[in-house]
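Visitor: next input, structure requested:
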Amino acid sequence: MFYALSGFCFGLLIPYISRRFAKFMPASPAWAFWQIVKRPKNTRAILKSPLFRTYLWRSLLCGLLTGILSFIFHHKFAAYAPEVKIIFLWTLLLLAEIDWRMFLLPDILTVPLLILGFFASVWNFGFAIPSDSALGALTGYFLPTIAALFLVWKNRDAFGGGDIKLLAALGAWLGVEKLIYTIALASICQMFLALLQRRRAVAFGPALAFSSIIIAICFF
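Guide: Residues are numbered from 1 along each chain as shown. This next block holds a predicted model:
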């Protein structure tokens, strides 16, 4: 229950944190932390804004989703350092929201996620053994890079640098085989999402994040 409540509380903050990222795009962890915790200058205007109610509903939905997924992660991985895996979960949910809002996967989140994936595999806190983690990170980095070389003539934004780093981080956490499953599932989700929205440019980060969460729950 503690993990569900803490996940709910963190989920409530996800729209706020992503909004702050959209405004300042942090260059360092210290600057990012300061910009997130400091009080906005236009607090009264924000509270009176007609969009504030929509913002509250979005925060509530994010809180419920994060709380439910945190409970599932703790229940499923209770014997295998669930705290580390919940950090993995929360980071992915925050990245999904930021990428959905501004088509950006900031290095300040993807790079620590990659490093933590390596350490988790070494300490046996992650989903993969160290050798599979290293190979998964290399696959996650070079596979989309090679694909982008073939697609750049048609669409230079087919893969962004943030997507490649996120895939490398997911490879470090999940290993090669589960990374391939994640990419396949994310591609299917992305295709249906693009068809539903009738848009060619749709952020790939949310599909990758939720696909990796599903793979982690179903295959580990």
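
Visitor: quick check: what element follows the worst-scoring helix or strand of the chain on mean pLDDT along the chain?
Guide: Least confident helix or strand of the chain, by mean pLDDT, DSSP states H and E, is helix 43-48 with a mean of 57. Next helix or strand after helix 43-48 toward the C-terminus (DSSP states H and E): helix 52-76.

Visitor: low-confidence ranges, the chain, go.
Guide: 22-53, 145-160, 197-201 (pLDDT under 70).

Visitor: show me what counts as buried in the helix or strand containing Leu196.
Guide: Using DSSP H and E, Leu196 sits in helix 176-197. Within helix 176-197, the residues scored as buried using 16 or more other CB atoms under 10 Å are Val176, Lys178, Leu179, Ile180, Tyr181, Thr182, Ile183, Leu185, Ala186, Cys189, Gln190. To be clear about C-beta, it is placed using only N, CA and C from the backbone, and glycine gets the same treatment.

Visitor: ok, and the closest non-adjacent residue to the third one?
Guide: Nearest in space to Leu179, with sequence neighbours left out and distances taken as CB to CB, 6 or more residues apart in numbering, is Gly171 at 4.5 Å.

Visitor: how about the fifth one?
Guide: Distances taken as CB to CB, 6+ apart place Ile215 nearest to Tyr181, at 5.2 Å, with adjacent residues excluded.

Visitor: give me every residue that touches the one you found.
Guide: Each residue near Ile215 by CB atoms under 8 Å, 6 or more residues apart in numbering is listed here: Leu174, Lys178, Tyr181, Thr182, Leu185.
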